[in-house]
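J.: Quick check, what structure comes out for this input:
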Amino acid sequence: MPAEAREKLLAASARTLDRLLRPLRSRGQGRCLTRPGTLLRQQNPIRGSVWEEDKPGWLEVDTVALCGGSVAGEFVWMLDGVDSATTWVEVRAIWGRGEVGTLSALQDIEQTLPFALQGLDSDNGGEFLNYHVLKWLQERPRPVYMTRSRPYKKDDNAHLEQKNWTHIRQNFGYERHDNPEVVEPINSLARGAYGQLLNFFHASLKVERKERVQGRLRRVYGAAQTPLARVLASPEVTPQTKARLQQRKARLNPFALKQEVECSLKKIAAIRQARSRGL
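T.: All right, here's what the predicted structure looks like:
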């Protein structure tokens, strides 16, 4: 950092820094980028009693824009999927938000799940509510349920909204990723070290029940568990899959995975910045 800039930063008050950073902090936040998929909305029911949330395989899915505050032009979108029962998470990068690209990412996610896909719940965006995705889910020996949340009701996908922040924004930030060359490195990281770190070693709390005490609703949480631990405890997952996951975890080192993730994120940032510098 130049000496002059360093002196000015050290001399500035906290309030001055907040005022100067306010436009950057608000960039890209508080905006709804969902494109309504009106064509098939009425054919996809709102999620309700169809879902069996105590069994694995029921995924909430959403897309997160890495647009840097401007939706002009093309940029990378992150597709986030979380299983309600086990909190197993899968993320993928897609260039743009087209129907074919979204379908390809969903198919890739299904291949890596340690359980069968039972249902898919999304918002009302057209990247999910289209004939490509619907045909893929229904034209199989055992059709997969496709449901949607209520418009403008983010609480319907509360598990997913939390993961959008912890698993995407905290690592990929709000910067604009408008270089298509970052898509494959991000996906390689998501299928490898990043996905393994999230699902094998990151524990989280999960609400077991809700009870009302003196007129107030109280949430009772179970012990913190990793998604892998919840998968291993599920009777719906086959013994062969459980043994394979346990063998894979035995070969992993969480500290090495963390270093690999940090190194890969730096390389991805360098690729992203190379486009803005014209390299």
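J.: how about the strands of this protein, start to end?
T.: 58-66, 76-83, 89-95, 119-122, 145-148, 207-213, 216-221 (DSSP state E).
J.: can you list the ones you listed in a markdown table and add distance to K258 and mean neighbour count?
T.: For the C-beta atoms, the positions are set from N, CA and C on the backbone; glycine is no exception. A markdown table is the format used below for the strands of the chain (distance: least, Cβ to Cβ, whole Å; neighbours: other Cβ atoms under 10 Å):
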| stretch | distance to K258 | mean neighbour count |
| --- | --- | --- |
| strand 58-66 | 22 | 23 |
| strand 76-83 | 20 | 24 |
| strand 89-95 | 16 | 24 |
| strand 119-122 | 31 | 24 |
| strand 145-148 | 36 | 20 |
| strand 207-213 | 28 | 9 |
| strand 216-221 | 26 | 9 |
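J.: Just send those back as CSV, with mean pLDDT and distance to Q247 too.
T.: Compiled in CSV, those are given as follows (pLDDT from 0 to 100; distance: least, Cβ to Cβ, whole Å):
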stretch, mean pLDDT, distance to Q247
strand 58-66, 92, 25
strand 76-83, 94, 21
strand 89-95, 96, 20
strand 119-122, 88, 29
strand 145-148, 84, 32
strand 207-213, 86, 30
strand 216-221, 88, 30
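J.: Which one of the ones you listed lies nearest to V182?
T.: V182 sits nearest to strand 76-83 of all the strands of the chain, at 6.3 Å, using Cβ to Cβ.
J.: and the closest one, what does it pack onto?
T.: Helices and strands touching strand 76-83, by 3 or more Cβ pairs under 8 Å, 6 or more residues apart in numbering; DSSP states H and E, are strand 58-66, strand 89-95, helix 99-112, helix 158-163, helix 183-191.
J.: just to revisit the earlier point, using CSV, lay out the strands of the chain together with distance to H167.
T.: What follows is these, written out as CSV (distance: least, Cβ to Cβ, whole Å):
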stretch, distance to H167
strand 58-66, 10
strand 76-83, 7
strand 89-95, 6
strand 119-122, 17
strand 145-148, 22
strand 207-213, 19
strand 216-221, 20
